[in-house]
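# Return atomic coordinates for the entry below.
(chains A and B)
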Amino acid sequence: MTAKLACAVMALTGACLGDRRRDWALAMRGELDVAVAEGRPLTFAVGCLTSALRDMPNQAEGRFTLTSHAVALGLLPIVALLIVGTGAGFPFLPTGHAGISGWLAGSGEHSPLLTPWNRGFAPSLAVLIWGLIAGHLLMPWFILERNWTRVGTLARINSAATVTLVLFTTVLFLDMAFLLLPVAVLAIELAASWCLYRWQEDLFVEAPPGTLVA
Amino acid sequence: MATNRRPSKQMLRLLDALSATPHAWRHGYDIMKETGLLSGTLYPLLMRMTDQGLVEAEWREPAQPGRPPRHAYRLTAQGLALARDTSADRSAPGFKEVPV
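Take a look at the predicted model:
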């Protein structure tokens, strides 16, 4: 059990060290068998992980990885804010002042912003905004995977969904103030992912991710 | 390139251990046992000293089949010179070790 846990810690160490320190990750992994035989695999593995974490800020790739994680973790509370905002009575959801719980219980009241003629659009706009939230939740995952093709596709989908939301809000004469949050989330997400994309382009210009560097 | 900073106590222990048999290649775990340094101290030192050209590393075939290859280390000429310098400094009269 301890040996398996140590192996998992060593895998994390390898991920932290990145491609430019791949040799060192393999060197540490090579010594793990000796540590297992000596009965101290976990102490050894945790020490190696500490080494990797201490080395990360000194390496460009390590700094990039740390920043990517900070951005990914930073995006999640912003998306959570959007979810809370929607749950608290975002106008496209027929929750009114009763919130999500009231909506689920069937006691939700309609927002006064919805008139009889534009109320028919509410379900489709509600689906759109929940889809947008799902898209925002996927973005940190793709950023951490460094899957820039998917990041680009998702950025286009999220942008299109937000623009659709803006257009329908305008056409239906709904309160534009409610769009500040989704637009701000999209702007932050696009800016962060674009900066990371440009950074990784400079960083991995000679060796794309996954390439062994001597 | 070596730095001009005074070597730390841990680095001196590593230099002493590696310079005792300068031409021998040592494995990481053996160095840990010999110097008493933990992996969290030893590997950052080895990485830094390798980057500075003080230590060289080489892959060695495993002693037993099915095991991964192991890294082995020894001092370079530059590392050996630093080990001799620091050893001479410490044996000089009036030397006082500064805890790090």
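
# Count the neighbours of residue 17 for me.
Assuming you mean chain A. By the measure other C-beta atoms under 10 Å in any protein chain shown, the count of residues near A:L17 is 28. Quick note: C-beta positions are derived from backbone N, CA and C, even for glycine.

# wrong one, chain B
Neighbours of B:A17 (other C-beta under 10 Å): 20.

# wait, it sits on B:T35?
Yes: with contacts counted by C-beta atoms under 8 Å, B:A17 reaches B:T35, the gap being 4.9 Å.

# shared neighbours of the two, which are they?
Contact criterion C-beta atoms under 8 Å, 6 or more residues apart in numbering or on different chains; residues shared by B:A17 and B:T35: none found.

# Show me what the helix or strand harbouring A:V185 is in contact with.
When elements are assigned from DSSP states H and E, A:V185 belongs to helix A:180-203. Here helix A:180-203 makes contact (C-beta under 8 Å, 6+ apart) with A:60-61, A:64, A:67-68, A:71, A:74-75, A:78-79, A:81-82, A:85, A:129, A:132, A:136, A:139, A:143, A:146, A:148, A:151, A:155, A:158-159, A:162, A:165-166, A:209.

# filter the residues you listed to the buried ones?
Among the contacts of helix A:180-203, the ones that count as buried by 16 or more other C-beta atoms under 10 Å in any protein chain shown are A:61, A:64, A:68, A:71, A:75, A:79, A:82, A:85, A:129, A:132, A:136, A:139, A:143, A:146, A:148, A:151, A:155, A:158-159, A:162, A:165.

# Those also near chain B: which ones?
Among these, no residue is within reach of chain B (C-beta under 8 Å from any C-beta of the partner chain).

# Which residue lies nearest the spatial centre of chain B?
The structure's chain B has its C-alpha centroid closest to B:L14; by C-alpha atoms, centre = their mean the separation is 3.8 Å.

# State the helix or strand in which that one lies.
helix B:9-20.

# other SSEs contacting that helix?
Packing partners of helix B:9-20 (3 or more C-beta pairs under 8 Å, 6 or more residues apart in numbering or on different chains; DSSP states H and E): helix B:28-35, helix B:39-51, strand B:70-75, helix B:77-91.

# Alongside chain B, which residues does chain A contribute?
By C-beta under 8 Å from any C-beta, the residues of chain A that approach chain B are A:21, A:23-24, A:26-31, A:33-35, A:38, A:43-48, A:50-51, A:54-55.

# Please list the residues outside the helix or strand of chain B with the lowest mean pLDDT that contact it.
One helix or strand of chain B scores below all others by mean pLDDT, DSSP states H and E: helix B:77-91, with a mean of 86. With C-beta under 8 Å, 6+ apart as the test, helix B:77-91 has contacts from B:2, B:7, B:12, B:15-16, B:18-19, B:22, B:49, B:53-55, B:75, B:95, B:97.
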